[in-house]
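> Next input, structure requested:
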Amino acid sequence: MKNVALISGASTGIGKELSHIHAQTGGDLVIVARSKDKLEELKSELEKQYGVKVWVIAKDLGKPESPQAIYDELKKAGIEIDILINNAGFGGVGKFHELDYDRQVAMINLNVTSLTAMTRLFLPDFIQRNSGKILNNSSTASFMPGPLQAVYFATKAYVRSLSNALSEELSHTNITVTNLMPGATETEFGATSGMDKTAMFKKTATARSVAEDGYKAMLKGKMDVISGLTFAQKIMISAIPFMPKKMMLKTVKKMQETK
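This is a model prediction of the structure:
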């Protein structure tokens, strides 16, 4: 396999579009998600359409043992990863004390712990070769606390912080770390999180446009890329550093109240 990209959360949404974009370049893929059926369907589609090789790994990255299992499987198969795309994640709307605690922990495990583990496992190989690219899917939620999505916003702030820190740590190498920050995007995320019923998801970007922005930024080695914002959302993001915190929190909360 050549120019191999490992993409988590590859079966739907942004991850699926990223798989298509990478395959269009002629690069091979390792696609990871929970649904083996969806992955096999995507594998068939990519191999037939682009003539690339695709390796399927059906694992739940919310489980702590999954990152190591994925790494070990690829090592045993002799597959070298050139691009690591940590895309898997989920959210949920509601008051922190009312939401199911186990689901909050699962969110942290997927959005934070598994992303950290995957990066830590593959990065030493990148360093040994002095080559490689990492794309972490954060969110514009990373810019602020998120009342009614307290844990989700916090996990995305972690992803942004980690990605930026690693970018500087690796600045003397040929390895880059790109932090993708989408706004509201038309994927299954909206329905599964309940965000599709909020003002924030009134206008959404396509998964394809977000994936293209992230992939292009990764190839250029950019540290941060924001994608999929409306004009009003761009103004709000730019105004965050200057807004009184209480006002900003009330604004974010209002945007996330379900209708």
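
> For stretch 148-166, buried residues please.
148-160, 162-164, 166 (16 or more other Cβ atoms under 10 Å). Yep, even glycine has a C-beta here, placed from its N, CA and C like the rest.

> Which ones among those lie within helices?
150-160, 162-164, 166 (DSSP state H).

> Show me which of those is closest to Asn87.
Val159 (10.9 Å; Cβ to Cβ).

> Please name the residues that touch that closest one.
The contact partners of Val159, by Cβ atoms under 8 Å, 6 or more residues apart in numbering, come to 86, 111-112, 115, 136-139, 142, 179.

> run the last query once more with 6 Å
Neighbour list for Val159: 136, 138 [criterion: Cβ atoms under 6 Å, 6 or more residues apart in numbering].

> how close does it sit to Lys53?
Separation of Val159 from Lys53 (Cβ to Cβ, to the nearest Å): 29 Å.

> Just say helix, strand or coil for Leu180.
Under DSSP: H, G, I helix; E, B strand; the rest coil, Leu180 falls in the strand class.

> Would you mind confirming that it is in contact with Asn137?
Yes - Leu180 is in contact with Asn137 according to Cβ atoms under 6 Å; the separation is 5.1 Å.

> Ramachandran angles for Thr176?
phi -120, psi 150 (degrees, to the nearest 10).

> backbone phi and psi for the nearest residue to it once chain neighbours are set aside, please?
Spatially, and ignoring its direct neighbours in sequence, Thr176 is nearest to Gly221 (3.8 Å; Cβ to Cβ, 6 or more residues apart in numbering). Per-residue torsions, Gly221: phi 80, psi 20 (degrees, to the nearest 10).

> Distance-wise, check Gly221 relative to Ala157.
In terms of Cβ to Cβ, Gly221 sits 23 Å off from Ala157.

> What values do phi and psi take at the residue lying closest to Asn3 once chain neighbours are set aside?
Of all residues not flanking Asn3 in the chain, Gly27 sits nearest, at 3.9 Å (Cβ to Cβ, 6+ apart). As for Gly27, its main-chain torsions (degrees, to the nearest 10) stand at phi -80, psi 150.

> who touches stretch 170-186?
126, 130-140, 160, 163, 166-167, 200-201, 204-207, 210, 214, 217-218, 221-222, 224-229, 233.

> Out of those, which sit inside strands?
Among these, the ones falling in strands (DSSP state E) are 132-137, 205-206, 224-227.

> C-terminal to the helix or strand hosting Ala23, what's the next element?
Using DSSP states H and E, Ala23 sits in helix 13-24. Where DSSP H and E defines the elements, the next helix or strand beyond helix 13-24 is strand 29-33.
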